[in-house]
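Enquirer: The sequence and its predicted three-dimensional model are supplied below.
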Amino acid sequence: MKNPPAAETFRPRPRFQLLYKKFWKILLGLSVLILTNCSPVPDTISGIVQDENGPVQGAVVRVQASNIFTKTDALGEFAITGLPQDASVKLTAWASGYYITGGEKEYPPGTTEVKLQLLRHNETDHMGYEWISAFSSLGDPGNCQNCHAQPGDPNSALPFDEWMLDAHSRSLKNERFLTMYAGTDIYGNQSPPTRMGTSKDYGSFPLPPDLSMPYYGPGYKLDFPQSAGNCSACHAPMEAVSAPYSIDPTTVSTGAEGISCDFCHKIWAVKLNDSGMPYPNMPGVLSYEFRRPEDEHQLFMGPLDDVAPGEDTFSPLQNQSQFCAPCHTAVFWDTLIYNSFGEWLESPYSDPISGQTCQDCHMPAGLTDHFALKEEGGLDRDPETIFSHLMPGAADEDLLKNAVSMSVNGWKEDGKVNFLVTIINDQTGHHIPTDSPLRHMILVVQAINEDGQPLELISGPVVPDWGGIGNVDDGYYGGQPGTIYAKVLEELWTEISPSGAYWNPTRIISDNRIAALDRSISDFTFKDIEEGKVILRATLIFRRAFIELIEQKEWDLPDIIMEEQSIVLK
């Protein structure tokens with residue numbers, strides 16, 4: 001065998017030249033990739049979320065007070081990309097069962113190996129917990145007013161200031177509730193105790209009140225003087241949470257806060273049956289689960305997952321209608337009395353994709369860009385992420401005036417005047433009116449000539465007598481053309497109807513309230529006049545209680561005009 005010449009250099013055979021070129025290209029590409037991965041990505045922050053046992057999968061990592069977020073992978077790792085390269089950001093992390101962490105340190109884009117440590121919060125409720133007052137005057141640094149109120153600003157949209165104007169803060173100062181509970185008027189005059197009859201078949205039973213004696217309306221304590229009832233389960237929940245059937249709301253301290261901040265932000269879950277409704281006879285605190293801490297380490301549930309540093313955790317329940325269910329659904333003696341939540345649940349509004357929650361209407365967002373004082377750590381946020389605590393309801397004129405749509409149509413034919421009134425519940429996520437059976441809407445219809453004289457009604461509904469018999473100008477509409485929309489209860493023993501004393505056994509004798517997205521059409525026919533114009537007018541009125549009861553209790557409850565329309569026929 002001959003050796004190759006010494007001066008000859010080795011060259012790959014032609015068929016291997018192409019493979020060599022490809023090899024070197026791949027090697028170069030891998031080198032670039034390795035170098036790239038070893039260098040920080042300029043618009044990315046990456047790291048890991050862990051607890052005392054190691055990495056946490058599925059934790060939400062967010063650029064604080066923004067909509068930029070991601071979730072950790074199976075190794076607890078995260079990477080937030082697309083960040084501006086000229087600004088540092090704060091990061092927060094949250095996972096179910098943990099406090100929100102972070103919010104203290106700023107990280108410039110390109111930072112790697114960020115470590116966010118999660119701390120577990122208590123998983124059980126501690127009955128010995130002492131509720132925190134909302135008021136700063138009590139001197140506790142944890143009082144809500146310290147950080148969530150703007151002193152001296154009458155237009156403040158911070159949570160404490162709005163809550164002070166809301167009915168929830170006054171649930172133990174509500175004159176209608178207290179006088180109905182005690183059987184008094186607003187001046188403390190009390191109706192006589194309920195008279196009782198006896199029957200060999202049924203034993204004792206209540207009799208109607210003797211109206212020849214001074215009478216100031218019904219009252220729970222008149223009918224059940226030996227029982228406190230469960231009214232406080234909703235109206236005085238912090239006092240009733242440990243004794244829901246033992247708290248007389250009229251004996252609770254005058255400084256009581258009703259449905260306060262700490263109460264709502266300690267709610268962890270709602271007990272619902274298989275149909276998604278609260279169980280019967282389980283109002284208020286009886287249907288709530290709480291997470292009250294045992295020691296000095298506080299815990300607040302809220303609707304945001306980036307409130308840190310602090311002692312907060314995110315609760316999706318805070319953004320769900322189910323949060324409201326225990327106090328806005330109630331069955332007494334097998335009769336469904338309050339049912340705003342159930343009406344919503346049965347309506348298209350409960351669709352999780354296209355619907356709306358109770359909070360969407362009653363806690364509208366967009367009124368402020370911060371929910372805590374800036375000097376106390378409040379952050380600028382998108383106003384659409386901050387929900388109002390005004391919670392407008394049956395006393396809010398603007399809400400009522402935008403609750404329904406009304407249209408009218410009239411024409412003359414064969415010596416008659418026809419008037420058609422259509423009311424559509426197109427803006428309300430439940431029946432209207434809803435909740436308290438005292439509430440009702442009165443549709444009053446008029447057909448008058450140019451001199452203001454009414455035309456004779458030939459056909460069509462009229463307002464029942466309990467709409468008030470007397471001067472129409474004073475709000476007594478009984479017998480007038482029109483109708484009342486209400487859930488009408490009748491007491492089984494006394495046959496009083498309509499009744500607001502739903503603590504007694506009652507039955508529903510009629511319910512013509514308008515369901516969500518439903519409509520009501522009322523048709524009236526009047527006798528035409530020989531000549532001149534005819535003016536047709538329809539007025540829809542919201543009344544918060546029966547006029548007779550208003551007078552008995554001396555309540556100051558002016559009517560609210562929801563809709564009013566007129567047309568002129570020649």
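Expert: Okay, I see it. Residues are numbered from 1 along each chain as shown.

Enquirer: Check which helix or strand L540 maps to.
Expert: strand 534-543 (DSSP states H and E).

Enquirer: In the sheet, which strands lie alongside that strand, parallel or antiparallel?
Expert: Here strand 534-543 has these sheet partners by DSSP bridges: strand 440-449 (antiparallel), strand 560-569 (antiparallel).

Enquirer: Give me the average confidence score over that strand.
Expert: For strand 534-543, mean pLDDT rounds to 98.

Enquirer: thinking again about what came up before, same list (the strands paired with strand 534-543) but as JSON lines, adding distance to Y245.
Expert: From N, CA and C alone the C-beta is placed, and that goes for glycine too. As requested, the strands paired with strand 534-543 are exported to JSON lines (distance: least, CB to CB, whole Å):
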{"stretch": "strand 440-449", "distance to Y245": "30"}
{"stretch": "strand 560-569", "distance to Y245": "35"}
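
Enquirer: Out of those, the one nearest P218 is which?
Expert: strand 440-449 (17.1 Å; CB to CB).

Enquirer: residues making contact with the helix or strand following that closest one?
Expert: Per DSSP H and E, the first helix or strand lying C-terminal to strand 440-449 is strand 457-459. Strand 457-459 has contacts (CB atoms under 8 Å, 6 or more residues apart in numbering) with K416, A447, P481, D523, F524, T525, F526, K527.

Enquirer: what's the answer for stretch 261-277, then?
Expert: Contacts with stretch 261-277, where a contact means CB under 8 Å, 6+ apart, come from 125, 131-134, 144, 148, 159-160, 163, 237-238, 278-279, 282, 287-292, 299-302, 315, 317, 322-323, 325-326, 329, 341-342, 345.

Enquirer: and with 7 Å instead?
Expert: With contact meaning CB atoms under 7 Å, 6 or more residues apart in numbering, stretch 261-277 is reached by 131-132, 134, 144, 163, 237-238, 278-279, 282, 287-292, 300-302, 317, 322-323, 325-326, 329, 342, 345.

Enquirer: Tell me the pLDDT of D140.
Expert: We have a pLDDT of 86 for D140.

Enquirer: swap in the one 10 residues further on?
Expert: The confidence metric pLDDT takes the value 95 at Q150.

Enquirer: Just give me the neighbour total for it.
Expert: When neighbours are defined as other CB atoms under 10 Å, Q150 has 15 of them.

Enquirer: quick one, what contacts it?
Expert: By CB under 7 Å, 6+ apart, the contact set of Q150 is S156, L158, D161.

Enquirer: On the three-state scheme, it is what?
Expert: The local conformation at Q150, judged by DSSP: H, G, I helix; E, B strand; the rest coil, is coil.

Enquirer: Just read off the phi/psi values of it.
Expert: The phi/psi pair for Q150 (degrees, to the nearest 10) reads phi -120, psi 100.

Enquirer: And for D295?
Expert: phi -110, psi -160.

Enquirer: what's the neighbour count on it?
Expert: D295 is flanked by 8 other residues according to other CB under 10 Å.

Enquirer: measure it to P309 for me?
Expert: For D295, the distance to P309 (CB to CB, to the nearest Å) stands at 18 Å.

Enquirer: which of the contacts of strand 457-459 sit farthest apart?
Expert: Most distant of those, by CB to CB, are D523 and K527, 15.3 Å apart.

Enquirer: picking up where we left off before, list just the one of the strands paired with strand 534-543 that sits closest to G82.
Expert: strand 560-569 (48.4 Å).

Enquirer: buried set for the closest one?
Expert: Within strand 560-569, the residues that count as buried by 16 or more other CB atoms under 10 Å are I560, M562, E563.

Enquirer: before we move on, what about stretch 418-434?
Expert: Those would be 418-421, 423, 425, 428-434, for stretch 418-434 by 16+ other CB under 10 Å.

Enquirer: just stretch 384-394 next, same as before
Expert: By neighbour count with 16+ other CB under 10 Å, stretch 384-394 contains the buried residues T385, I386, F387, S388, H389, L390, M391, P392, G393, A394.

Enquirer: ends of that stretch, how far apart?
Expert: 24 Å (CA to CA, to the nearest Å).

Enquirer: can you list contacts of it?
Expert: Contacts of stretch 384-394 (CB under 7 Å, 6+ apart): 157, 159, 162-163, 165-168, 303-304, 359, 362-368, 371, 399, 439, 544.

Enquirer: for stretch 371-382, same thing?
Expert: Under the contact criterion CB under 7 Å, 6+ apart, stretch 371-382 has outside partners Q64, A65, C147, H148, L158, P159, D369, H370, I386.

Enquirer: Tell me where this protein has helices.
Expert: Under the criterion DSSP state H, helices of the chain are mapped to 14-38, 145-148, 159-165, 175-182, 220-223, 232-235, 237-240, 261-264, 340-345, 358-362, 397-401, 547-553.

Enquirer: Could you list every helix and strand that the fourth one packs against?
Expert: Here helix 175-182 touches helix 220-223, going by 3 or more CB pairs under 7 Å, 6 or more residues apart in numbering; DSSP states H and E.

Enquirer: CA atoms only for the helix it packs on - export them in PDB, please.
Expert: C-alpha atoms of helix 220-223 as PDB (Å, rounded to 0.1, in the frame of the first residue of the first chain):
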ATOM      1  CA  TYR A 220     -93.500  40.900  64.000                       C
ATOM      2  CA  LYS A 221     -93.300  41.300  67.800                       C
ATOM      3  CA  LEU A 222     -97.100  41.800  68.000                       C
ATOM      4  CA  ASP A 223     -97.600  38.300  66.500                       C
END
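
Enquirer: Mind giving me the packing neighbours of it?
Expert: Under the contact definition 3+ CB pairs under 7 Å, 6+ apart, helix 220-223 sits against helix 175-182.

Enquirer: Mean confidence (pLDDT) on the helix it packs on, please.
Expert: Confidence over helix 175-182, taken as the mean pLDDT, stands at 96.

Enquirer: cool, stretch 390-402 as well?
Expert: Averaged across stretch 390-402, pLDDT comes to 93.

Enquirer: OK, contacts around the closest residue in space to P109 that isn't next to it in sequence?
Expert: In this structure, P109 finds its nearest non-sequential neighbour in L83, 4.4 Å apart by CB to CB, 6 or more residues apart in numbering. Neighbouring residues of L83 by CB under 7 Å, 6+ apart: D43, T44, I45, V89, P109.
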